[in-house]
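Peer 1: sharing a sequence plus its predicted fold:
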Amino acid sequence: MSLPRTRKVPFGGDYNPEQWPEEVWKQDYRLFDTARIDTVTLGVFTWARTQPAPDVYDFSTLDRIVERAGVEGRQVCLATGTGAHPAWLARSSPEVTRVDFEGRRHRYGQRHNSCPSSPVFRRLSAELARRIAARYADHPAVVGWHVGNEYGGACYCELCAAGFRDWLRARYGTLAALNTAWYTTFWSHTFTDWEEIEPPSALTEHWRGPNHTAFQGITLDYLRFMSDAMLANFVDEKAAIRQASDLPVTTNLMGMYRPIDYHRWADHLDFVSWDNYPPDDRSPGWMALAHDLMRGLKAGQPFWLMEQTPSYTASRDVNPLKRPGVMRLWSWQAVAHGADAVLFFQMRASRGACEKYHGAVIGHAGRDDTRVFREVAALGAELDRLGGATLGARTPARVALLFDWDSWWALEISDGPSRLVRYQQVVHAYYRALWDAGVDVDVLPVTADLTGYDVVVAPALHLLKGDLPQRLEQVADRGGSVLTTFLSGRVDEDDQAFLMDVPGPLGALTGIRVDEWDAREPEVVNPVRLTVGDTELEVGSRLIFELVIPQGAEVVGRYAADFYAGTPAVTRNSFGAGHGWYVAAGLDQAGVNWVVRRVLERHDLLGPYADVPDLESTVRVAPDGTRLRFLLNHRAEPVEVDADRSGVDLLTGDRITDGLPVRLDAYGVRVIREERAAG
Amino acid sequence: MSLPRTRKVPFGGDYNPEQWPEEVWKQDYRLFDTARIDTVTLGVFTWARTQPAPDVYDFSTLDRIVERAGVEGRQVCLATGTGAHPAWLARSSPEVTRVDFEGRRHRYGQRHNSCPSSPVFRRLSAELARRIAARYADHPAVVGWHVGNEYGGACYCELCAAGFRDWLRARYGTLAALNTAWYTTFWSHTFTDWEEIEPPSALTEHWRGPNHTAFQGITLDYLRFMSDAMLANFVDEKAAIRQASDLPVTTNLMGMYRPIDYHRWADHLDFVSWDNYPPDDRSPGWMALAHDLMRGLKAGQPFWLMEQTPSYTASRDVNPLKRPGVMRLWSWQAVAHGADAVLFFQMRASRGACEKYHGAVIGHAGRDDTRVFREVAALGAELDRLGGATLGARTPARVALLFDWDSWWALEISDGPSRLVRYQQVVHAYYRALWDAGVDVDVLPVTADLTGYDVVVAPALHLLKGDLPQRLEQVADRGGSVLTTFLSGRVDEDDQAFLMDVPGPLGALTGIRVDEWDAREPEVVNPVRLTVGDTELEVGSRLIFELVIPQGAEVVGRYAADFYAGTPAVTRNSFGAGHGWYVAAGLDQAGVNWVVRRVLERHDLLGPYADVPDLESTVRVAPDGTRLRFLLNHRAEPVEVDADRSGVDLLTGDRITDGLPVRLDAYGVRVIREERAAG
Amino acid sequence: MSLPRTRKVPFGGDYNPEQWPEEVWKQDYRLFDTARIDTVTLGVFTWARTQPAPDVYDFSTLDRIVERAGVEGRQVCLATGTGAHPAWLARSSPEVTRVDFEGRRHRYGQRHNSCPSSPVFRRLSAELARRIAARYADHPAVVGWHVGNEYGGACYCELCAAGFRDWLRARYGTLAALNTAWYTTFWSHTFTDWEEIEPPSALTEHWRGPNHTAFQGITLDYLRFMSDAMLANFVDEKAAIRQASDLPVTTNLMGMYRPIDYHRWADHLDFVSWDNYPPDDRSPGWMALAHDLMRGLKAGQPFWLMEQTPSYTASRDVNPLKRPGVMRLWSWQAVAHGADAVLFFQMRASRGACEKYHGAVIGHAGRDDTRVFREVAALGAELDRLGGATLGARTPARVALLFDWDSWWALEISDGPSRLVRYQQVVHAYYRALWDAGVDVDVLPVTADLTGYDVVVAPALHLLKGDLPQRLEQVADRGGSVLTTFLSGRVDEDDQAFLMDVPGPLGALTGIRVDEWDAREPEVVNPVRLTVGDTELEVGSRLIFELVIPQGAEVVGRYAADFYAGTPAVTRNSFGAGHGWYVAAGLDQAGVNWVVRRVLERHDLLGPYADVPDLESTVRVAPDGTRLRFLLNHRAEPVEVDADRSGVDLLTGDRITDGLPVRLDAYGVRVIREERAAG
């Protein structure tokens, strides 16, 4: 099962006509025509309307909404509507709302408020999904199903506690095994009855919030359990849909979202879709990483960009405006990284409640002459011009970056060495270096097949599980390069330290041992001198400084200060026909870039515009072998480069000639169909 | 009903002899004599003493206290004593304590702890007020009644939930109307039974505290309800007092205090009194604004300054000392803005508990030779000299500034565009500009009669209700100037966006439309170039930047940076015989000053000393037409200016001659009875 | 009863073989041999193992552990194992877990989680202690008993509420006395039934956390009660041990730990032991203060350093590494200040849970060639060389610094004048000045006998109790110097302000009165000019500025800015044959140093190396009168000084000759047995 079948990249987004009188619907569709909007996501928050009481289902409004979309010739991504439960349900079944980390039972309100373990929620949400699928499965406008909405958060209620115990029984079999895994001899914590086990919270194992726990094992397992519990909610609804429909099913994910291990979810999704709300407007690499992570969930299968704002968000403290051209640029960036749909939240701005100031294609005044509407319409026209050129196209990456929720969790719930080391930041620094170098990257789970890659980057791979060490050794053995960093190889799947030298099972590959480590406040910088052949650079390092004793590895970088001045900060170990690299310190971005480029150079993987700052370059290869080169200028100034290959810019029809200049406007985009197929 | 009848400005304050043996009372009155203290507020915290058990009332202590005051010839502002309930009440009726925003039932303690919806609290507090009024109504010393103390805070208990539902039924009639007003279709929030509605709290609609809500409509209504619920407590007691006494009734307000909409309270107070504890000692404009707001509550009627510290507060992290002369200066500032009483908290410092380090007229050592005591006594002598000159005097303002609790709430609970825009700061910036210009200002509710004003300033008027837009248009139409700013005209009374261009119903008056808006972190400054005729200035703007498309308005200021450089930041629209001004950006104080002075110039309203920094100038006109000019030097250095009119300084007897120099000492004050009546 | 009898300074620490298979135990002991580890603390967290169910005791594991230690010839400090209760107990008796300050009942988890008032906890913990003592009392390896672990925290449950009421009845006898002490007339707080009294918490008297209370009296008493309640837990177990054993009993204290008033505990401990985890690695004076405080608990009796990390902690945000030499230096610093044992947490790093990254003598790889292990082993060898030279040695201090938990609490729970004044920082500034001057100091409770001291320093002695003022006057009267500071002498034992001039009963001694006080944000600095004779210095002062009117005192320092420029900031009063000093402002460290050195000079108490920065010098006098001079170089560079007396360095055998150079390496240590006995 794959993506919905469409003839071009779907364009449109979340649409809530149930908030408006029907005369507004007509105005909306005329504006949709102008903007070439062909796809609407409907019904995300309609549970209270479709089921206004326990025993009453009323589809009259949704019927009219779907009918209108069909009459208007749009494609519909139809939601099951279970993203927020109705008020009557919270009143009749108070256990349907969540208990928070502080142990407080919430009452009705907000949105992410359904306990994933609640039997009544599970029954009613699946039943609603079943009815909606049965009712609309054969409607010709419907092309796919959207289950729930942005699954996330956590619950700590008694039902979840019981579910956790069941999950633990299934995982460990016996209490003895559980006690061993959780290392409960420490602090006299031995459990002698399953019922003694409580969800780890502010009232049990935690202090100073969700990352500070006395027992990492319990907390790590609860994170896994909670991700699984919500997956079960998704699976409930998907199974209910399958009773009536074979159309693709998705839910909108959120990129690098810590609470849910999307790698555990991926097999259950027919296709991936996600909502792109980057932390700020200076993060093209951050978004690229998230796109690649989403694409990697299903082994490179294209995904849908399910939400983005056309202009501003509303929920931040400060909600800056996307500058002119930026919405277009970011939309194309999504496509460049594998998106086969470009959708917005939201089509029409709501009048009230917390998202009334969130950007929308159609504002409160209903105009078609706002800057935002004009840019949306221009993009719609471009996507029309593009047609189906990208559909199903794959990214031909030879570099893999490993992303691992278990390591993320284990690293950030650890006491020591440093709370200031954040998994996403470390991963992003290495991804950013690859992005700067203009190389296509697959962001993959640690279980992925690595045989196709020349380079594997594994930053902060704190927790090692399964046969990954061996598979990484195989990469190096056959001539590839593996790069890992400080705080890798520390613990096993139970978060227990390996009883061997750090970096544990990665020691042979990296040819080092870490004798001890220093951690410092962010203002402490230890300069690192990097040298490979004639290439030299002095960079800074911060936060964490492991003290390395080479066991065969060559020293590439050395600390320049403190009592460990002169000792290794970066090493490269020959392993088989390849290399195992180790970065022992929190290098600054310049340092990470330098190391990563040394690795890429060996495999001749630097992109054609690696020396042009903020010019992003990616490739997608269509099913027929056509190579599409995306060039994205993230600067507010134009840039000109010499073309690397001849081709045609699909957005303008411009002919591009190998070796001749190609100009990109400020925030400009080129989608070049290259003439020669990729090697 | 107006203020208590006094022959001069009452001087004194909160006095708690119940904390002391009677021999101390005698010492106190001798010190009062020295300081010419003629008025004491008694009994604010005496509930536990007057009603030591459910069925026992014991007035013996209060009798002696009031008796002593009478014998000593002082005026008494007598409290009902319900500012804090007794311990036995919390134990016998646990529902009398509040449930906080986090959903936690408090137990006995602190002070603001009575649930306003508690029937037993309402019954017993009114009964106590009734008994006190009945007992002391005819005592000749008593001149007025003081109900409760500093009403504030909020409760989220089940009784308040029930009260809220009643309040909502009265407001909306039907659930359908409520669902429409709250926009509950959003996020599937439709209420199908009144009982489903919960107070909006950390356990329901909120996240990250009281300002972050999923549904602004619910939260806004709860703010209104809670203000009304406490008003009902006040009204309970006032009605009980009225059974025995016709003396004026007040409660001590707190200036710009967000939880209580004092405009909804004003009609129920016989006279306004308030407690002036400014945030720091660099805020003369802030205090002036608060005084004018308090005076505006009852259409310009003078008020009582019920509390101020003679020296320091205790509850702040850092409690700086009022420099020598500052207590006097601030006392006169209150009078300059309409105060007809100058009272302190507190007469004698308590020995224990949380206010033992709060400043007092009489310190722990009982001395009359402390600096503070000497300054208090000197002020007492001055007020004696002033006599009744100011009593009943009015401020002849031709400028109105609109202050609106609904807009305050709506702006600050809004998701988007920027949490950094704070209502008080915006209002203060415009008030401060008026204050700098030395113009008298009435700070008024949006329902006030605007026909008497030449200039109406309405900063951040986020929420528009009633016929205000039309009344503002009338001001301009007849030749006046109306000035409004960014984030005005956004929502209606239900916090729903107007389905029209921003600034909604203010569009015609301002002659613009706002197409979109940018919000930025505080370190981002966009320079704005201001030009009217030959007057030019470049200033900074911050936080919020609306993008304006003129619809007839003239451009007065333009952004100088970012992609919207050159577009309007300040506009002036001719409307009838007058103007509608719009400030689209968060101008710095220099920018606000510039704009405000351009407006005032047109109406020839700049004060006589507008160019002398920190020299405050106000006017009060006594009932007999006598004009009193107050000059207040907020600098620690002397200042000399040329007199604007001839007159006599009532504090010194100095003769002031038009055109000749007038000197003010550091922190100096002049109260000049001007010779000619005002035009 | 005194310390365990040992032939040399015990060396070793916490050891948890129960976490490991027995083959690891053997490896451990071979490594212990290498490092000359002779002492292990066993069984601290073994409750769940020794009592796996309510009616089951199983000592088989502990038997083997103790047996092994004995066979291996080690000394055992045996724990009762009650530092953390088992999971089954929390489930069968939920009241055994604590209710936190927010009113939330915790469930099983973490460590400090036993309600001190819980009858079942008290019964079972004492029973366990009784059984362990009975079983192992006669084991020859056992040298002492370790009760619980790091007592601390607080509980606010109903059982504690009842216990608090009993404690109050015992303290006050009548409610009338309690109401007077707590000043409940303020805010109508009079209690009319004991049952109305609740623990002061976030749900009753507090706001913004444990330091912000409406009634200081209640909060102060709860702090005293809670300290006493935990002491009762200790006493329970100690009494149970005494049924079977006369060996010395201790528990590991935590230095300057606010929740527990160790002065109230001291009499109940046979000997003091404590865990040294300084806040950072720039705090030699901080650690020295804590050591001296611990030594002062039992009138100078030596103590055990029960825990320190050999390398890093794990629970901090950032856990820096102890530089090479620092662990040794700090170990010797402990000995220099009176430690007669040097013990670590921990012997072997745990594999899992929150301390797996806490430093250990033996790391996860079990190596004997890590830097840390090598340094531990080197220290072991040094201690072997030292033998019993220090055992029982005393510090011959002529300077006393008063440390008072009541003042600490009262100062920091006070509303006003400044929350920024922190007791520990003030005390540390004065201690630091003494430390810099190289003088031996006893840190003592206010009840200590002061007759043996020339100088008594009492910083921030906010609360005065008993006859302390008289005893301080006696010190001065007989020619000594007493120094006190701002915020001293403010309140009596009930936290009620003295009804006299500040500094209350210290006024006669200091010869001043404080008329008022200013508090400012930390960026405000008021320069102070200090002058005694020809010695002058200008220093800064911050945070608090009392305005002093001399009543006989000589002015030593004057403010140089603000309206109180020229008024006294430091005074010295002749009193009898001595002096009473008063420092009215928050002087910077240079200012404190200057004042303290003026005081010391008068008594000829400056240490021999007072002018050598960071060179610490202390003296211990062995029972036979031998003087041991400790020199500790806290710098990362070597230092050379001229010897003050001849002697022999016990660590190296080097002969030291009076007047000739003595060199100390970076972080170097000398322990010099001096030739002449001390005067």
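Peer 2: Perfect, I can see it now. Residues are numbered from 1 along each chain as shown, chains lettered A, B, ... in the order given.

Peer 1: which SS class is A:E102?
Peer 2: coil (DSSP: H, G, I helix; E, B strand; the rest coil).

Peer 1: which strand or helix spans the closest residue to it other than its chain neighbours?
Peer 2: Spatial nearest neighbour of A:E102, chain neighbours left out: A:A202 (4.9 Å); criterion: Cβ to Cβ, 6 or more residues apart in numbering or on different chains. The C-beta positions use only the backbone N, C-alpha and C, and glycine is treated the same way. According to DSSP states H and E, A:A202 maps onto no helix or strand at all.

Peer 1: touching, A:A336 and A:L632? I think so.
Peer 2: Yes. A:A336 is within contact range of A:L632, at 6.3 Å (criterion: Cβ atoms under 8 Å).

Peer 1: pull up the overlap in contacts between these two.
Peer 2: Common contacts of A:A336 and A:L632, defined by Cβ atoms under 8 Å, 6 or more residues apart in numbering or on different chains, comprise A:616, A:618.

Peer 1: smallest gap between the stretch 201-350 of chain A and chain B, at which residue?
Peer 2: A:A314 (3.2 Å; Cβ to the nearest Cβ).

Peer 1: got the contact list for that residue?
Peer 2: Counted by Cβ under 8 Å, 6+ apart, A:A314 has contacts A:354-358, B:415-417.

Peer 1: just A:A636 next, same as before
Peer 2: For A:A636, the contacting residues are A:323, A:666-667, by Cβ under 8 Å, 6+ apart.

Peer 1: next one: phi and psi at it?
Peer 2: phi -80, psi 10 (degrees, to the nearest 10).

Peer 1: flag every buried residue along stretch A:516-535.
Peer 2: By neighbour count on 16 or more other Cβ atoms under 10 Å in any protein chain shown, the buried set for stretch A:516-535 is A:516-520, A:524, A:526-530, A:532.

Peer 1: per-residue pLDDT, the residue lying closest to A:A266 once chain neighbours are set aside?
Peer 2: Nearest residue to A:A266 in three dimensions, chain neighbours excluded: A:L297, at 4.0 Å (Cβ to Cβ, 6+ apart). With respect to pLDDT, A:L297 scores 98.

Peer 1: A:H112 now?
Peer 2: 74.

Peer 1: neighbours of it, how many?
Peer 2: Neighbours of A:H112 under the rule other Cβ atoms under 10 Å in any protein chain shown: 18.

Peer 1: what's the spacing between whatever residue of the stretch 51-200 of chain A ends up closest to chain B and chain C?
Peer 2: The nearest approach of the stretch 51-200 of chain A to chain B comes at A:G109, 3.2 Å away (Cβ to the nearest Cβ). A:G109 sits 21 Å away from chain C, going by Cβ to the nearest Cβ, to the nearest Å.

Peer 1: and that residue, what does it touch?
Peer 2: With Cβ under 8 Å, 6+ apart, A:G109 has these contacts: B:198, B:200, B:203-206, B:214-215.

Peer 1: which residues of the stretch 201-350 of chain A lie near chain B?
Peer 2: Residues of the stretch 201-350 of chain A found near chain B (Cβ under 8 Å from any Cβ of the partner chain) are A:311-321, A:323-324, A:349-350.

Peer 1: ok, so of those residues, who is nearest chain C?
Peer 2: Nearest to chain C among those is A:D317, at 22.2 Å by Cβ to the nearest Cβ.

Peer 1: next up, the contacts around that closest one.
Peer 2: B:418-420 are the contacts of A:D317 under Cβ under 8 Å, 6+ apart.

Peer 1: let's see that with 10 Å instead.
Peer 2: By Cβ atoms under 10 Å, 6 or more residues apart in numbering or on different chains, A:D317 lies in contact with B:208, B:212, B:416, B:418-420, B:519, B:521.

Peer 1: which among those residues gets closest to chain C?
Peer 2: B:R208 (17.3 Å).

Peer 1: quick check, the closest one in a helix?
Peer 2: No. B:R208 sits outside any helix when classified using three-state DSSP, being coil.

Peer 1: I figured it hits B:A202, correct?
Peer 2: Yes. Taking Cβ atoms under 10 Å as the definition, B:R208 is a contact partner of B:A202 at 9.1 Å.

Peer 1: the more surrounded of those two?
Peer 2: Using other Cβ under 10 Å as the criterion, B:R208 and B:A202 rank with B:A202 on top: 22 against 11.

Peer 1: make a PyMOL selection of the buried ones in the contacts of A:A314.
Peer 2: Applying 16+ other Cβ under 10 Å to those, the buried members can be selected in PyMOL as follows:
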select buried, (chain A and resi 354+355+356+357+358) or (chain B and resi 415+416+417)
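
Peer 1: neighbour-wise, which of the contacts of A:A636 leads?
Peer 2: Counting by other Cβ under 10 Å, top hit in these: A:Y667 with 22 neighbours.

Peer 1: got a list of what it touches?
Peer 2: A:322-330, A:332, A:632-638.

Peer 1: let's see which of these end up in helices.
Peer 2: Here DSSP state H is the test, and these give A:326-330, A:332 as lying in helices.

Peer 1: nearest to C:L379 among the residues you listed?
Peer 2: A:W330 (59.7 Å; Cβ to Cβ).

Peer 1: list the contacts of A:L605.
Peer 2: Here A:L605 is in contact with A:397-399, A:434, A:437-441, A:454-455, A:481, A:597, A:599 (criterion: Cβ under 10 Å, 6+ apart).

Peer 1: what about 7 Å?
Peer 2: A:L605 makes contact with A:398-399, A:439, A:454-455 under the criterion Cβ atoms under 7 Å, 6 or more residues apart in numbering or on different chains.

Peer 1: same thing with A:E198?
Peer 2: The contact partners of A:E198, by Cβ under 7 Å, 6+ apart, come to A:161, A:204, C:107-109.

Peer 1: now do 6 Å
Peer 2: A:E198 makes contact with A:204, C:107-108 under the criterion Cβ atoms under 6 Å, 6 or more residues apart in numbering or on different chains.

Peer 1: so what touches the longest strand seen in chain A?
Peer 2: In chain A, assigned by DSSP state E, the strand with the most residues is strand A:535-550. By Cβ under 6 Å, 6+ apart, the surrounding residues in contact with strand A:535-550 are A:418, A:420-421, A:486, A:512-519, A:522, A:525-530, A:564, A:567-568, A:584-588, A:590-591, A:594.

Peer 1: quick one: work out the angle between the helix or strand just after it and strand A:535-550.
Peer 2: Downstream of strand A:535-550, the next assigned helix or strand under DSSP H and E is strand A:554-559. With axes from the mean of the first three to the mean of the last three Cα atoms, to 10 degrees applied, the angle from strand A:554-559 to strand A:535-550 works out at 100 degrees.
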